[in-house]
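Participant: Have a look at this fold, sequence not included:
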């Protein structure tokens, strides 16, 4: 079993964790941990809105989500010996929801599909769907069902979220 190098208490915001999360790749954010090349590690995380979406029948939380604190990331994780400009290869060996927990945060036995309102970020089809919408999905192993879409069952495929590398201070200055 890989070592857990970044642990997350799902009952707490990423900002309040022992090692706080972040939502940008920036050279001034210090690494939370350093790993050796070739290490097999486990990284825990929270869902991208940091718990702003609730397991309820209202889409108001999707409509009103604070986009300034979304895309919460675990880390940063430094790789021993890596230098600015290096290409890093990361092999994802396993990923999934938090099956051992059931609770009020997405990933704790449930997830959601949300459509942003036109007035809060919008999306691809906001001219046709200007309001916020939400469907809650209850996990049953790899299958998911929704009280909002009766009779629909699908096999969910978990995605790894976002991975990236922080730019060097010099590169960031050039971009800016």
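Facilitator: Sure thing, it's come through. Keep in mind the model is a prediction, meaning the values are calculated, not measured.

Participant: Just to be sure, residue 172 is in a helix?
Facilitator: Yes - counting by DSSP: H, G, I helix; E, B strand; the rest coil, residue 172 is located in a helix.

Participant: where do the strands sit along this protein?
Facilitator: 3-6, 33-35, 41-43, 77-79, 110-115, 133-140, 143-145, 153-155 (DSSP state E).

Participant: The first one: partners in the sheet, and parallel or antiparallel?
Facilitator: Here strand 3-6 is paired, per DSSP bridges, with strand 41-43 (parallel).

Participant: now the fourth one
Facilitator: Based on DSSP bridges, the strands next to strand 77-79 in the sheet, each with its direction, are strand 33-35 (parallel).

Participant: Now mean pLDDT, mean neighbour count and distance to residue 14 too, for the strands of the chain, in a markdown table please.
Facilitator: Just so you know, the C-beta spots here come from the backbone N, C-alpha and C atoms, and that holds for glycine as well. Listed next are these as a markdown table, based on pLDDT from 0 to 100; neighbours: other C-beta atoms under 10 Å; distance: least, C-beta to C-beta, whole Å:
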| stretch | mean pLDDT | mean neighbour count | distance to residue 14 |
| --- | --- | --- | --- |
| strand 3-6 | 88 | 15 | 11 |
| strand 33-35 | 94 | 15 | 15 |
| strand 41-43 | 91 | 16 | 13 |
| strand 77-79 | 93 | 16 | 15 |
| strand 110-115 | 91 | 18 | 18 |
| strand 133-140 | 93 | 17 | 21 |
| strand 143-145 | 93 | 16 | 24 |
| strand 153-155 | 91 | 10 | 28 |
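
Participant: okay if I get those as JSON lines plus distance to residue 104?
Facilitator: Output for these, formatted as JSON lines (distance: least, C-beta to C-beta, whole Å):
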{"stretch": "strand 3-6", "distance to residue 104": "22"}
{"stretch": "strand 33-35", "distance to residue 104": "28"}
{"stretch": "strand 41-43", "distance to residue 104": "22"}
{"stretch": "strand 77-79", "distance to residue 104": "28"}
{"stretch": "strand 110-115", "distance to residue 104": "9"}
{"stretch": "strand 133-140", "distance to residue 104": "12"}
{"stretch": "strand 143-145", "distance to residue 104": "17"}
{"stretch": "strand 153-155", "distance to residue 104": "23"}
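
Participant: Buried residues, stretch 165-174. List them.
Facilitator: By neighbour count on 16 or more other C-beta atoms under 10 Å, the buried set for stretch 165-174 is 166, 167.
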